[in-house]
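K.L.:
Here you go, sequence then predicted model.
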Amino acid sequence: MKTIGYIIQKEFKQIFRNKGMLPIIFILPILQLVILSNAATYEIKNIKFAYIDYDRTTTSRTLLEKFNASTYFDVLTNFPSQKIASSAMLTGEVDVVLEIPNNFERNLLKEKTAGLSISINAIDGAAAGVTSGYVNQIVQSFNKDVKMSIMNISKKTDQPVSIASIPSFWYNTTLDYKTFMVPGILVLLVTMITLFLSGMNIVREKEIGTLEQINVTPIRKSQFITGKLFPFWVIGIGLLTIGLILAKVIFNTPMLGSLILLYTYTSIYILVILGMGLLISNFTDTQQQAMFIAWFFVVIFILMSGLFTPIESMPKWAQIITEFNPIKYFVEVVRMVLLKGSGLGDILPQMLKTLLFAILMNLLAVWSYKKVN
Amino acid sequence: MKRFIGFIKKEFYHIFRDRRSLFILFGMPIAQILLFGFAITNEINNVNIAILDHSKDASTEEIINKISASKYFTIKQMIAHEADIESTFKKGKIKAVLNFEKDFSKNLIADHNATIQIITDATDPNTANSITNYTNAILQNYQQEKNKGIQIEYQIIPQTRMVYNPELKSVFMFVPGVMTIILMLVSAMMTSISITREKELGTMEILLVSPLKPFQVIIGKVVPYIFLSVINAAVIVLLSIFIFKMPVQGSLFLLGLESVLFIITSLALGILISTIAATQQAAMMISLMGLMLPVILLSGFIFPISSMPVPLQIISNIIPAKWFIIIIKGIMLKGVGMAYIWKETLILIGMTLFFIGLSIKKYKIRLE
């Protein structure tokens, strides 16, 4: 026990002596949490909107006025021709072009129907879908206005049936993305820091040659590994704490559930990541290799964690892969506990799987450590 | 010159001797692009929802059937009481509950009006929003069927054309993005690490007292990585064309040139990092921790830049990846030539020169 204590003390000293690393370990992640949480939004606004009005009537102007009044669109210019509009879309100056044909008003009044053509830059398919939805909403509401003003009385029997839907957004009534993203990004930062630090640590001693020296001392491997990894565990928990405080103070992130539960879960989770780091250290000879492997897994883990894109939408095989992604569970747990107030019973499946991973990963790491040396 | 070529050769040997690193270097991008191209999508599919049907009549049954037939939703369970909604949400198994009012059919026939409540777990605003929209679309569709006999007068029918990506494939967004992060991080990380490695192991000193000039040492270290990155870029482009059916509307040659430019930008950034960092550990942390998230989040790879707060839109301009993503999408999807992307190209060239200039300055200081 005393030996471990000394090793831990030594490792801590080593980390904190390195003045260059400290800001990277603490300030960099915190800056990113504060700044980048604002960037992660799927909300589509400030859509660059342009129009070509061949009709130039009261009706066409009223319709355009509706677009102008909407908060989603930044109405730009009136383009004289389709050709110029297309070119503007190529340069990216414009995202939507609405073309009002000749005789728009006349057709609407005489033939009781009129056409409109809309071009949307669809490179970002999801955004284009949303944009198209906004456009349709505006046109629909315009339709209603026209109907109201022209046929002010309608017979009850001819009235079409309509279903009113009332949306009700629970836990995040204002649909604020930061509420959703801040806890997720915090998870990433805690994971990345602990994985990169632990993944590089032992392989570094290998590369410099000091690992050989430690191996000939009477320190037991288990003591050595515990001593090496414990400081990173502390750093991980420390980062979580600072991150949670900032989330509360700056973003006013709701914290409905039990923080003790969150810390308990995180304590287990960090063990998984540390085990992974150790495993990577064991199977590599240089820090460079270790980092490539860590990077490889981290990018996959991040993009397949459900943090930015929904897991349900992935193909079945990909969903099965995500079952083995520890970040996925942490993201789920942190959001459930903080935002919904889920309790131990709710997160038990995630907790048990994480615990299982922690045990497996560390057994594997310790076992392979002995083999390599 | 001969000495310099000899040095480059040595660096090549150095990389190719290390089979494990090589395997990682070439294998990773392929594995990642395949995985992400197929798996990542920001569309909503198969969302688990629950139904709370107070009415249980013909109309609600029809609507429920329509919902369960759509690819967007999977009806996971039927809920009997309002009180159960909270606990199901807390378990995280379902994302929404569709709540049909009592006497739904009766109201629809008698008053021509019936109400349904769409309760969503809005911790995820995007999914919540999409669920609401998709449900509304299905309801619209149902109403249209019901109203078939009735002539709806005075209406404008918009015809929407989705330009550049008519099928709204999200892979068109993700392939350029993944290509960019792979090139950027691999190039920046590799160079910064390989140069700091020499510093850390003390072999840099030896190189610097050799007859090679310092800039030759740096170029010699970088050249093999340009070569490796170009191969990586080519593999990614081929995969995206043949597997993900990404079009290359513009010139493939131009795409190649721009990719080389971006690789050089990233390598220059790597060199700059190596002048700042004293150890491999610091170099890696800066290039991994410092670059990964900003590149993913601020480059327009996943999240639209135009929706971000203005200060972040300004910051996004200093991310080289942002410009490269605009260039790739322009060439591949829009089919534009230099006339449309010269500004982005100039910005990348400018950044490259800036990184190199700054590195040269830093190196001189170190060598004194």
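P.N.:
Arrived safely. Keep in mind it's a predicted model, so treat the numbers as computed, not measured.
K.L.:
Can you get me a residue count around B:Pro158?
P.N.:
Burial of B:Pro158 is recorded as 17 neighbouring residues (other CB atoms under 10 Å in any protein chain shown). C-beta here means a position set from N, CA and C on the backbone, and glycine is covered the same way.
K.L.:
pretty sure it is in a strand, no?
P.N.:
Yes - note on B:Pro158: a strand contains this position according to DSSP: H, G, I helix; E, B strand; the rest coil.
K.L.:
That one touches A:Ile120, doesn't it?
P.N.:
No - using CB atoms under 8 Å, B:Pro158 is not in contact with A:Ile120; the gap is 10.8 Å.
K.L.:
any common contacting residues for those two?
P.N.:
Counting by CB atoms under 8 Å, 6 or more residues apart in numbering or on different chains, the contacts common to B:Pro158 and A:Ile120 are A:Val135.
K.L.:
Tell me where the chain is predicted with low confidence.
P.N.:
Looking at chain A here, since you left the chain open. Flagging of chain A using pLDDT under 70 yields the residue ranges A:1, A:150-159, A:370-373.
K.L.:
That was the other one, I meant chain B.
P.N.:
Along chain B, segments meeting pLDDT under 70 span B:149-154, B:364-368.
K.L.:
Now do the strands in the stretch 101-250 of chain A.
P.N.:
For the stretch 101-250 of chain A, the strands defined by DSSP state E, counting those that start in this stretch cover A:113-121, A:162-170.
K.L.:
Columns distance to B:Lys2 and mean neighbour count on top of the ones you listed, output as CSV?
P.N.:
Below are these laid out as CSV (distance: least, CB to CB, whole Å; neighbours: other CB atoms under 10 Å in any protein chain shown):
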stretch, distance to B:Lys2, mean neighbour count
strand A:113-121, 53, 20
strand A:162-170, 70, 17
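K.L.:
now those in JSON lines, with distance to B:Met246?
P.N.:
Shown next, in JSON lines, are the strands of the stretch 101-250 of chain A (distance: least, CB to CB, whole Å):
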{"stretch": "strand A:113-121", "distance to B:Met246": "17"}
{"stretch": "strand A:162-170", "distance to B:Met246": "36"}
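K.L.:
Ok, which of the ones you listed comes nearest B:Met292?
P.N.:
Nearest to B:Met292, of all the strands of the stretch 101-250 of chain A, is strand A:113-121, at 27.9 Å by CB to CB.
K.L.:
who touches that closest one?
P.N.:
With CB under 8 Å, 6+ apart as the criterion, strand A:113-121 contacts A:85-86, A:89, A:92, A:94-101, A:104-105, A:107-108, A:128, A:131-132, A:135, A:139, B:154-164.
K.L.:
In helices, which of these appear?
P.N.:
A:85-86, A:89, A:104-105, A:107-108, A:128, A:131-132, A:135, A:139 (DSSP state H).
K.L.:
Taking those, tell me the two that lie furthest apart.
P.N.:
Comparing every pair within these by CB to CB identifies A:Glu105 and A:Ala128 as the most remote, at 28.6 Å.
K.L.:
These two: which is more packed in?
P.N.:
A:Ala128 (24 against 19).
K.L.:
Verify the contact between that one and B:Lys169 for me.
P.N.:
No - applying CB under 8 Å, one finds A:Ala128 not in contact with B:Lys169, separated by 10.7 Å.
K.L.:
For A:Tyr42, which non-adjacent residue is spatially closest?
P.N.:
Excluding its sequence neighbours, the residue lying closest to A:Tyr42 (CB to CB, 6 or more residues apart in numbering or on different chains) is B:Asn126, at 4.2 Å.
K.L.:
For the residue nearest to A:Met21 when sequence neighbours are not counted, give me its contacts.
P.N.:
Setting aside the residues directly before and after it, A:Met21 is nearest to B:Ala282 in space (CB to CB, 6+ apart), at 6.2 Å. Going by CB under 8 Å, 6+ apart, B:Ala282 touches A:20-21, A:24, B:196, B:276.
K.L.:
most surrounded residue in those residues?
P.N.:
Most neighbours among the contacts of B:Ala282, by other CB under 10 Å: B:Thr196, with 27 neighbours.
K.L.:
any idea which element it lies in?
P.N.:
helix B:171-201 (DSSP states H and E).
K.L.:
any idea how far that helix is from the chain center?
P.N.:
Relative to its chain's centre, helix B:171-201 lies at 15 Å (CA atoms, centre = their mean, to the nearest Å).
K.L.:
got it, and stretch A:172-191?
P.N.:
7 Å.
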